[in-house]
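Student: return a 3D structure for these sequence lines:
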Amino acid sequence: MKWMTGCACLLLMTTPARPAERAPAAVSAEAVEALLARIEKLEKRVAELENGGHGNGPATISAAKTAAAPPQQAATVQQEHHAAAQGSDPAPAQPALKIAGFSDFNFAATDQRGVRSGFTSGQLALHTSTVLSPRVSVFGEISFSARTDAGTGSPAATGFNAEVERLLIRFDQSDYFKVSFGRYHTPVNWWNTYYHHGQWLQTSISRPEMTRFGGTFIPVHFIGGLIEGAAPAGGLNLNYNVGIGNGRGNVISRGGDAGDNNNSRAWLVNLFVKPDRVYRLQAGGSVYRDRINVGARSFNEWITSGHLVWQKETPEIIAEAANVNHSEEGRPGSFNSQAYYVQLGYRLPWGQKLWKPYYRFEYIHIPAANPVFAGVSGLAGSVVGMRYDISSFAALKAEYRNQRRPGLPRINGGFLQTSFTF
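Tutor: Numbers count the residues shown, from 1 in each chain. A predicted model of the protein is given here:
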């Protein structure tokens, strides 16, 4: 991409001046530096799209590139659809709002007692992005989920719940240093920050239990500030996230949107590498610290996690593990809860590479005496499925799940889904 700079300079040197016209004023050094910086930023942006970058930041995609992508390249288009913008376009006269939509429809049938089979309307998720200046952008994610109590009560409950999943403003100083403020998917593990709302983005129908939306094992949402960046580091491409903000809310499955429930802020550090020598490999870990209140009791929470991901499609390997430690203030002892999963997928070489079988094993252990996770049970189970990309923007998925929780009978279920983006 450096040829862009060379061509620009060559064009300036070889274009003859018109003798009948007055020579323009000399270009200032600041203008030249700004032009070169702009070219460099565009080069980095193109490189990122080619590599399928990702993150919590604004999600953008080249419409021309997407339209030209054949169905077998849907996995690559997936990653670009939620890629974090490493450089922003020049600010328009007025901010222009861009919207990408995701949704799905499902059918489920299980042998679990008291659970009916049938069709369900999936979540409608809207990703919005706006450029405010060359270095400032705003990103939002809004979801609409069907309610089981729709039409009941007085006044009658609406058919769908609206939720602000993510909303943040980011200042891009450089690739090495970016600052944002808002509501995030907590960067405490890989799946939570890579596969956001919109199930078309992920290979499987279901998310791992440890990172399930509405779950309690990890804090899915984080409200505060985040510093992030990346450095070459000799070809390792070291990335970092450092954040501080509100951790879990009064309901521990939710973030503290209206304020923290105590005067102790949560903080986190997330580090990972993406080495040049192994295409689409990522490995890293994170540490998360908070103090949470459960009723009148206060607990210190430490979360440590690690991940190893290879998204080559042939194969796809995703492995994560996390330990959540809770200790009550003023009392000895602590409780350690562990969770891990391994997901394997492989895009088959025949049939225009539209078929992708996958398998996932997951496990969660929670001590029965843990007062923070009271009422939350462990899990051991397997998921086997197949994804078929009917276009670059839609997929059909079939999934079989076999799960067992302590003290409960094993549950078997079959699930079908059509998911899409628009």
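Student: how close does the nearest residue to Gln311 once chain neighbours are set aside get to Val383?
Tutor: In this structure, Gln311 finds its nearest non-sequential neighbour in Arg280, 4.6 Å apart by CB to CB, 6 or more residues apart in numbering. Quick note: C-beta positions are derived from backbone N, CA and C, even for glycine. Noted for Arg280: a distance of 22 Å to Val383, by CB to CB, to the nearest Å.
Student: same question for Thr193.
Tutor: 21 Å.
Student: Phe361 now?
Tutor: 8 Å.
Student: these two: which is more packed in?
Tutor: Taking other CB atoms under 10 Å, Phe361 and Val383 do not tie; Val383 has more neighbours (22 against 14).
Student: in contact with that one, which residues?
Tutor: Applying CB atoms under 8 Å, 6 or more residues apart in numbering to Val383 gives the contacts Ser204, Ser206, Gln343, Tyr358, Tyr359, Arg360, Phe361, Glu362, Glu399, Tyr400, Arg401, Asn402.
Student: run through the bridge partners of the fifth one.
Tutor: It stands for Tyr359. Beta-bridge pairing of Tyr359 under DSSP bridges involves Leu344, Val384.
Student: can you give me the strands in the stretch 301-422 of the chain?
Tutor: Secondary structure of the stretch 301-422 of the chain by DSSP state E, counting those that start in this stretch: the strands cover 316-328, 335-345, 355-365, 379-391, 394-404, 411-421.
Student: could I get the ones you listed as CSV with distance to Tyr288 and mean pLDDT?
Tutor: Supplementary listing: the strands of the stretch 301-422 of the chain in CSV, determined by distance: least, CB to CB, whole Å; pLDDT from 0 to 100:
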stretch, distance to Tyr288, mean pLDDT
strand 316-328, 9, 97
strand 335-345, 13, 98
strand 355-365, 17, 98
strand 379-391, 21, 97
strand 394-404, 26, 98
strand 411-421, 30, 98
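Student: turn those into a markdown table, columns for distance to Lys178.
Tutor: What follows is these, written out as a markdown table (distance: least, CB to CB, whole Å):
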| stretch | distance to Lys178 |
| --- | --- |
| strand 316-328 | 24 |
| strand 335-345 | 29 |
| strand 355-365 | 32 |
| strand 379-391 | 33 |
| strand 394-404 | 32 |
| strand 411-421 | 26 |
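Student: of the contacts of Val383, grab the buried ones for ChimeraX.
Tutor: Provided next is the ChimeraX selection string for whichever of those are buried by 16 or more other CB atoms under 10 Å:
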select :204,206,343,358,360,362,399,401
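Student: so where's this structure uncertain?
Tutor: Within the chain, the ranges that satisfy pLDDT under 70 run 1-92.
Student: helices along that one, start to end?
Tutor: 3-14, 29-51, 63-68, 74-81, 190-194 (DSSP state H).
Student: Gly284 contacts Pro275, correct?
Tutor: No: between Gly284 and Pro275 there is no contact under CB atoms under 8 Å: 11.4 Å.
Student: what about these two, which has more around it?
Tutor: Gly284 (20 against 15).
Student: next up, the contacts around the more buried one.
Tutor: So Gly284 contacts Trp190, Asn239, Asn270, Leu271, Phe272, Val273, Gly306, His307 (CB under 8 Å, 6+ apart).
Student: show the contacting residues for the fourth one.
Tutor: Just to be clear, that refers to Leu271. Neighbours of Leu271 in contact, by CB under 8 Å, 6+ apart: Leu238, Asn239, Tyr240, Asn241, Gly284, Gly285, Ser286.
Student: excluding its backbone neighbours, what's nearest the second one?
Tutor: In space, and not counting its chain neighbours, Asn239 is closest to Ala230: 4.5 Å by CB to CB, 6+ apart.
Student: how many residues are close by the one you found?
Tutor: 20.
Student: list the residues that contact it.
Tutor: If you count contacts by CB under 8 Å, 6+ apart, Ala230 has them with Asp175, Tyr176, Asn237, Leu238, Asn239, Tyr240.
Student: buried among the residues you listed? Make that a ChimeraX selection.
Tutor: In ChimeraX syntax, the buried subset of these is picked out as below (16+ other CB under 10 Å):
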select :175,237,238,239,240
